Every structure is written in C-alpha cells, then in structure tokens.
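Asker: heads up, no residue letters with this:
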Ligand code: AHR
C-alpha cells in the first residue's frame, strides 16, 4: 500500500473542457459501420432505419458529444454522391485501405446524420482531399447545409430531406502526409487553403474547419501549417487535427489480451508521451497564435494491437481489457489538463475497431472497459478544469510511468475528480485536500479488475463500474483505491 497525497485547488482554473474532448470516430473499416453500427433495415437486430438501437442507447449514456466520419484513410477515397439516393441505385465501391472489401454505399450522408441525431451528438465530417476535388467537397457542404434553392439543396430535397442539417465540424482531408496523398507540409498547406476557401458558411451554419495535423511528433508539420494558415490577417482554419496511437512498436504491436508486466508499462509510457506531444504542439501554436484562435484537435487516438486471431487483418478488430481502461483514463486526464488549447479528441474507433467502446457479435453487444471509463469521466464535459496535483512516483526506471493519473473539474457547483491507479501491484491510500470548494457530500464509482480482465459475449459483465467507499473528512477526500483501477469522485 502506498500513501498518496493529492491536492485540488478549485479556484485555480486551467481551461474549459469542451465536451468534444470526449469525442469518437467511426470509419468504414472492418465492422465499424457495416455489421456494426449499421445492420440494415431488414435486420432482425432491433434498429432504427438500419441503425442498431442498443448502440444508440449506449452512446447516449456516455453523452457522446461528437462523431467523426467516414474516415480515416477511407475519407480520402470516399465520394459522397455515391452514398445518397435510392439504395438500390447506389454505386458499389472497393474499400482499398481496409481489406479490399466491396461496399454497397447503403450507409451514406443521410444515414450518418440520422445516427448523430439519434445519439444527440455533433457530426464531424472528414472531406476527401486526396482523391477528391475542390468542387466535390464544396458541393457536399452545400448539400448538407444550404437552405434555399440550389442544385445541391434541390438534390437533398429530392432525396427526402427538406431542411438542411447543421454541420459544425469539417475536416479538410485526413493524414494527407500519408494515406491522404503523401503530401509535404508546404504543399498540403496550400491545398488546404484552396479547399477551405470553397467550403462556405450558408445561412447561420458556421463551419469549424480542421486542417490535417501532424503524425504524432512531427513538429515541423505543425510549424509549417501555423506559418501558412494565416492569410490576409485571418486564420483559414479553426483547428489542426493531429493523430497519435499508443503502440509500443509498429512492427510488433502484440496481443490485446496476452501481455506481461513489461508490455504493460511500456505501453503506459507511450500513452504518457501524449503529455509531451500536446505540450510541444501547443508551444508551437502559442508562438504563432498567442490568442488561442486555432484549436488543437486530436482526432485519432487510442491503442493499436494485433487483430484477434482468426479475424481479417484488414479489419483491425481487437479485444479491450483493463489495460485499455487505464490507457483511456490517463489520456482523458491529460486531455483535461490541456483543455486550454485542445478542443476536441476522438478515440479510434467507436465500435469493433481498435480501442472500441462497444463490440458486437450478431445481435449481442458488449461494453468494453474503455466504455466504462468514458462513463466515469462524462461529468467533466463542459466543466472548468482546475489544478490537481498528486505526490507521484515513477514506477519503472527509464519509462514514463507515474503511478497516479488525475484531473479535476468544476461545473454547476459540482466538483468531479478522476483518478487512476496505474500500478499493477500497489494499492493506493489517497488523501486529497480540496481548496476553494465547500464540499458537503461525496460519492464515488470505481472500475477495477485484474489488468487482463475484459468483457466477452459470454460474460459481458466481467468488468463493470461499482460504487466505491470514499470519505469526506473536513475538506479532505480519503479513499483506498486498488492497483489497476479508475475512479470518479463527485463532490457537492
Ligand atoms: O484508425 C485507423 C487508421 O489509422 C485511420 O484510417 C487512419 O487515419 C490512421 O492511420
């Protein structure tokens, strides 16, 4: 047992936690869309116009704020006009990035927008820059958002949608340094400016345009973008979307469920690197944009392991254990602490792909440990992140592995504190002083199991949230949290 002293100063505000920091990502990849979220109207699985009902409920429960679609690498080969109109007439397409499967385009713009409406989240569309045209993206925006008579608005109406949708988030390309066109930062910056110029704000619809950001620690990409995204005195982008996956080694990703202590701590070290990454990208942005007009967006993050045995290698289907829960908790705590510049983050991916929050098999759907972490953290959304410190120790020499990860926020007179004990062996006796907040009531919830524990279709409740006994002694929170656990404390 380790005694850990913590401190929260509710009067020391660090940044506003946009709800979009708790965002998600859905790509046409493996069984994320087809045979995942979308089962088709004729399916026996309960659905609304083909969209699984159980999934909609699950997403609502974690207050999913935003969903990115249709990719990923897929976005830069997606032609939106092939996915509208009568389904029987829609063109088929080859998903060249993910398994070479042929898709029938039965899930397109209307279906995605309906999914977002059902969940109550913002759509985040990533447009095709790599293999599309300026006109194609410009027309997609017109199709979705123009209220009036125009070629695209008329087409939308002919397809059964009279009134436009609201669209805030628009990504202009995806990984254009790689699968999205193998561009140099200079070249992409110019291409971005050209594309973004023709993505218009119609009526009161105001786009938040996200430029493709760096691949992990490619700081030169950010530097180049920041140099060129201001034109005629105005920023041409509202955000820059970087990507960072937690993978110990790209050539040897390892299994999602079979790993040893060394694998665990090595992975944690790559997750903790997110802190450095966000700090360094933010520092570059601060130099060019001290007013903070351009947001940092992390529109893909999460773990990436070998696919489950017997599954299609192009489908990226992996299980999800308590290790993933720790990864999620560390990441979300880091995001909160960076909420001044970081305004959106999207875990990859929402269902059946990479660090998924839900997995499906036929009619069955399970919630993963990562899902439960999003549940534990949901009250941070739209809160003010406040100073939170723990007297921490690094667990493994040579690896960035603090034992305790934490963050705190205040909203509507409620203080939410989230703490992860990342040790595999040591329980923690936490004693946390709370300043500048008059706490009268306390409640706490915990997710804690052995690190390999995961939910299966046979045993969907191996890992679930339970109540935790936490005490308030004056203005001090006292609780014992076991090794390998994630906790939410609520003070009123
Ligand atoms: O999430 C899987 C893939 O990872 C995405 O398609 C791509 O953007 C990234 O490389």
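Answerer: Yes, it's here. Values in this document were obtained by computation on a predicted structure and should not be read as measured data. Numbering: from 1, shown residues only.

Asker: got phi/psi on whichever residue of the stretch 101-250 of the chain sits closest to the ligand?
Answerer: Of the residues in the stretch 101-250 of the chain, the one nearest the ligand is residue 175, at a distance of 4.6 Å by Cβ to the nearest ligand atom. Any C-beta I mention is one placed from the backbone N, CA and C, and that applies to glycine too. Dihedral pair for residue 175: phi 40, psi 50, per degrees, to the nearest 10.

Asker: same question, residue 55
Answerer: According to degrees, to the nearest 10, residue 55 has phi -70, psi -40.

Asker: re earlier: give me the neighbour count for the residue of the stretch 101-250 of the chain closest to the ligand.
Answerer: If you count neighbours by other Cβ atoms under 10 Å, residue 175 ends up with 24.

Asker: now the helices for the stretch 1-150 of the chain?
Answerer: 53-61, 109-119, 134-145 (DSSP state H, counting those that start in this stretch).

Asker: now those helices as JSON lines including mean pLDDT, distance to residue 185 and mean neighbour count?
Answerer: Shown next, in JSON lines, are the helices of the stretch 1-150 of the chain (pLDDT from 0 to 100; distance: least, Cβ to Cβ, whole Å; neighbours: other Cβ atoms under 10 Å):
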{"stretch": "helix 53-61", "mean pLDDT": "98", "distance to residue 185": "35", "mean neighbour count": "18"}
{"stretch": "helix 109-119", "mean pLDDT": "98", "distance to residue 185": "30", "mean neighbour count": "20"}
{"stretch": "helix 134-145", "mean pLDDT": "98", "distance to residue 185": "20", "mean neighbour count": "20"}
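
Asker: can I get the ones you listed in JSON lines including distance to the ligand?
Answerer: Converted to JSON lines, these look like this (distance: least, Cβ to the nearest ligand atom, whole Å):
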{"stretch": "helix 53-61", "distance to the ligand": "18"}
{"stretch": "helix 109-119", "distance to the ligand": "16"}
{"stretch": "helix 134-145", "distance to the ligand": "17"}
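
Asker: spell out which parts of the protein neighbour the ligand.
Answerer: 27, 71-73, 174-175, 300, 348-349, 354 (Cβ under 6 Å from any ligand atom).

Asker: and which of those is nearest residue 307?
Answerer: residue 354 (9.8 Å; Cβ to Cβ).

Asker: show me what contacts that closest one?
Answerer: 245, 302-304, 316, 318, 348 (Cβ atoms under 8 Å, 6 or more residues apart in numbering).

Asker: hmm, back to that, most neighbours out of the residues of the chain next to the ligand, which is it?
Answerer: residue 174 (30 neighbours).

Asker: just confirm the residue of the stretch 101-250 of the chain closest to the ligand contacts residue 215, I think it does.
Answerer: Yes: Residue 175 lies in contact with residue 215 (Cβ atoms under 8 Å); the separation is 7.0 Å.

Asker: related to what we said a few turns ago, dump the helices of the stretch 1-150 of the chain into CSV; add distance to residue 491 as well.
Answerer: Below are the helices of the stretch 1-150 of the chain laid out as CSV (distance: least, Cβ to Cβ, whole Å):
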stretch, distance to residue 491
helix 53-61, 23
helix 109-119, 29
helix 134-145, 42
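
Asker: pLDDT (mean, whole number) over stretch 305-324?
Answerer: The average pLDDT for stretch 305-324 rounds to 97.

Asker: how far is it from where the chain is centred?
Answerer: Taking Cα atoms, centre = their mean, to the nearest Å, the mean C-alpha location of stretch 305-324 is offset from the chain mean by 18 Å.

Asker: picking that back up, and the residue of the stretch 101-250 of the chain closest to the ligand, what's its pLDDT?
Answerer: Looking at residue 175, the pLDDT reads 98.

Asker: what do you get for residue 84?
Answerer: 98.

Asker: pretty sure it is touching residue 110, no?
Answerer: Yes: taking contacts as Cβ under 8 Å, residue 84 lies within contact range of residue 110: 6.6 Å.

Asker: anything in contact with each of the two?
Answerer: residue 159.

Asker: gap between the nearest residue to residue 426 once chain neighbours are set aside and the ligand?
Answerer: Of all residues not flanking residue 426 in the chain, residue 2 sits nearest, at 5.0 Å (Cβ to Cβ, 6 or more residues apart in numbering). Per Cβ to the nearest ligand atom, to the nearest Å, residue 2 is found 36 Å from the ligand.

Asker: could you give the bridge partners of residue 2?
Answerer: residue 428 (DSSP bridges).

Asker: tell me which residue in the stretch 51-200 of the chain sits closest to the ligand.
Answerer: Closest point on the stretch 51-200 of the chain to the ligand, by Cβ to the nearest ligand atom, is residue 72, at 2.7 Å.

Asker: contact partners for that residue?
Answerer: 25, 27-29, 97, 126, 174, 300, 348.

Asker: please redo it, this time with the cut-off set to 7 Å
Answerer: For residue 72, the contacting residues are 27, 29, 174, by Cβ atoms under 7 Å, 6 or more residues apart in numbering.

Asker: is it true that residue 12 touches residue 385?
Answerer: No: Residue 12 is beyond contact range of residue 385, at 9.7 Å (criterion: Cβ atoms under 7 Å).

Asker: more neighbours: which of these two?
Answerer: residue 385 (24 against 13).

Asker: so that one sits in a helix?
Answerer: No: using DSSP: H, G, I helix; E, B strand; the rest coil, the assignment for residue 385 is strand, not a helix.

Asker: when you give positions from now on, start the count at 694
Answerer: Yep, numbering from 694; the last one is residue 1078 now.

Asker: distance of it from the ligand?
Answerer: With Cβ to the nearest ligand atom as the criterion, residue 1078 and the ligand are 27 Å apart.

Asker: follow-up on the earlier one: so for the residue of the stretch 744-893 of the chain closest to the ligand, what pLDDT did the model give?
Answerer: 97.

Asker: same check, this time on residue 729
Answerer: Reported pLDDT for residue 729: 98.

Asker: residue 1044 is in contact with that one, correct?
Answerer: Yes: the criterion here is Cβ under 7 Å, and residue 729 meets it with residue 1044 at 4.5 Å.
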